[in-house]
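# Here's my sequence, what's the structure:
(2 chains)
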Amino acid sequence: MSSADFVLYEEEFKHLEEALRRLRQEANAKAVFLIDKNGQQIASAGEVEQFDTTSLASLTAGNVAATDGLAKLIGEREFSVLFHEGQQDHIHISIVAKRAILVVIFDDRSSLGLVRLRVKRASVDLEKIFEVMAQKGERGGGPGGPASPFSEITDDDIDALFGE
Amino acid sequence: MTFINYASKEINCKIVYYGPGLCGKTTNLQYIYNKTAPESKGKMISLATEADRTLFFDFLPLDLGSIRGFTTRFHLYTVPGQVFYDASRKLILKGVDGVIFVADSQEERMEANIESIRNLEANLKEHGFDLSTIPYALQFNKRDLGNVVPVEEMYRMLNYKREPTFEAVATTGVGVFDTLKSVAKQILIELKKR
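Numbers count the residues shown, from 1 in each chain, chains lettered A, B, ... in the order given. A predicted model of the protein is given here:
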């Protein structure tokens, strides 16, 4: 198993949410999601209640993974931006910090040009936050940071989870 | 690759069901979905052909309960088993935390089982994983059929590293949850060690 677990601390989570809220506002978007490339939702902002966010995260990651495969087939490193145009709602998908996917769902209250512009700016902020997360992850949360939830887990705790 | 979210107190892990075409990977997930309480599962997604063969993946998110205040969530995926979908199988294995190999117990499918395990080993290696160390369980499915290979022989031919092995009939649920629990437990124990 890869030892590069993805760890999200509260402080960085708040910063990510802030950045997504700002993006949603500035892009006039319906909802904004940040998703891990493995298909798990990291953070979101906006009118998210109407979406099955778990499915959205998984399908988006699959979409990006398949598109990455296509890119390599034709000799490209990646397609960093995907855009799906619907009748009413549209989806703008971009890669952030090489490991996350930024999804912006917008309708006619916004425009592709505005979304692209705001996403570009937001990506810079998000990349800085991911850099801090990576450094924290290497230091194990840093001094005073929370210990791994696994440090205190016993074999009995695991057995209890499975009703043994 | 496990995702630990301190903000929402969640541990998210990914389990992939692997195996040759029509071995019962999707059937395993369908059984799990049907038998799991609504509050513990999300929507099951199946990206399939018109003939109900898995085209890209099946996906089922499951909550297995809390451990030290953290909700443990497992994301179950199946890969498409048909040989020509290898490019897609590679993609689905990305970030995997544990693997369940579903073997088809029918005599005429043994070669396909062996080829699929070799394929799994190679695809894991491409992602930097090692089948000899990753949490892993082997399921001998379709034990209810008439032309099945004896379990001892299947074990001899397919066992990789003395991993936990389960007899199963995925259509009726026999062995399905036991296999899943085995890998989920291995993943948590592995995380505890780190």
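# low pLDDT regions in chain A?
A:1-4, A:137-152, A:162-164 (pLDDT under 70).
# How many neighbouring residues does the residue nearest to A:Phe6 when sequence neighbours are not counted have?
Leaving aside its sequence neighbours, A:Phe6 sits nearest to B:Phe3 (CB to CB, 6 or more residues apart in numbering or on different chains; 4.6 Å). From N, CA and C alone the C-beta is placed, and that goes for glycine too. Counted with other CB atoms under 10 Å in any protein chain shown, residues neighbouring B:Phe3 total 23.
# quick one: contacts for B:Phe3?
Residues near B:Phe3 by CB atoms under 8 Å, 6 or more residues apart in numbering or on different chains: A:Asp5, A:Phe6, A:Val7, A:Leu8, A:Asp36, A:Asn38, A:Gln40, A:Ile42, B:Glu10, B:Ile11, B:Asn12, B:Cys13.
# Let's see that with 10 Å instead.
Taking CB atoms under 10 Å, 6 or more residues apart in numbering or on different chains as the criterion, B:Phe3 is in contact with A:5-8, A:36, A:38-42, B:10-14, B:73, B:75, B:95, B:97.
# Counting by contacts, list what the longest helix seen in chain A packs against.
Longest helix in chain A, counting residues (DSSP state H): helix A:112-139. Helices and strands touching helix A:112-139, by 3 or more CB pairs under 10 Å, 6 or more residues apart in numbering or on different chains; DSSP states H and E, are strand A:6-8, helix A:10-27, strand A:31-36, strand A:41-46, strand A:81-85, strand A:90-96, strand A:100-106.
# CSV for those, including mean neighbour count?
Below are the helices and strands packed on helix A:112-139 laid out as CSV (neighbours: other CB atoms under 10 Å in any protein chain shown):
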stretch, mean neighbour count
strand A:6-8, 21
helix A:10-27, 18
strand A:31-36, 24
strand A:41-46, 23
strand A:81-85, 12
strand A:90-96, 21
strand A:100-106, 24
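# Kindly present the ones you listed as a markdown table, with separate columns for distance to B:Tyr160.
Putting the helices and strands packed on helix A:112-139 into a markdown table (distance: least, CB to CB, whole Å) gives the following:
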| stretch | distance to B:Tyr160 |
| --- | --- |
| strand A:6-8 | 27 |
| helix A:10-27 | 38 |
| strand A:31-36 | 29 |
| strand A:41-46 | 33 |
| strand A:81-85 | 38 |
| strand A:90-96 | 35 |
| strand A:100-106 | 33 |
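# Which of these sits closest to B:Lys43?
strand A:41-46 (13.8 Å; CB to CB).
# Compute the inter-axis angle for that closest one and helix A:10-27.
Angle, strand A:41-46 to helix A:10-27, by axes from the mean of the first three to the mean of the last three CA atoms, to 10 degrees: 40 degrees.
# Do strand A:41-46 and chain B come into contact?
Yes: counting by CB under 10 Å from any CB of the partner chain, chain B is contacted by strand A:41-46 at A:Gln41, A:Ile42, A:Ala43.
# Verify the stated contact: the last one with A:Glu10.
So the one you mean is A:Ala43. No: with contact defined as CB atoms under 10 Å, A:Ala43 does not count as touching A:Glu10 (11.6 Å).
# what residues are shared contacts of those two?
B:Asn5, B:Ala7, B:Ser8.
# Please name the residues that touch the last one.
Right, B:Ser8. B:Ser8 touches A:Leu8, A:Glu10, A:Phe13, A:Gln41, A:Ile42, A:Ala43, B:Phe70, B:Thr71, B:Arg73, counting by CB under 10 Å, 6+ apart.
# Please apply the same query to the first one.
B:Asn5 is in contact with A:6-10, A:13, A:40-43, B:11-12, B:70-71, B:73, counting by CB under 10 Å, 6+ apart.
# Go through those residues and say which is closest to A:Ser55.
Of the contacts of B:Asn5, the one sitting nearest to A:Ser55 (CB to CB) turns out to be A:Gln41, at 10.1 Å.
# got the residue ranges for the helices in chain B?
Under DSSP H, chain B gives helices at B:25-35, B:86-92, B:110-126, B:151-158, B:176-193.
# does the strand ranked longest in chain B come close to chain A?
As assigned by DSSP state E, the longest strand anywhere in chain B is strand B:54-67. Yes: using CB under 10 Å from any CB, we find that strand B:54-67 touches chain A at B:Phe56, B:Phe57, B:Phe59, B:Leu60, B:Pro61, B:Leu64, B:Gly65, B:Ser66, B:Ile67.
# how many neighbours does the fourth one have?
Look at B:Leu60: counted by other CB under 10 Å, it has 25 neighbours.
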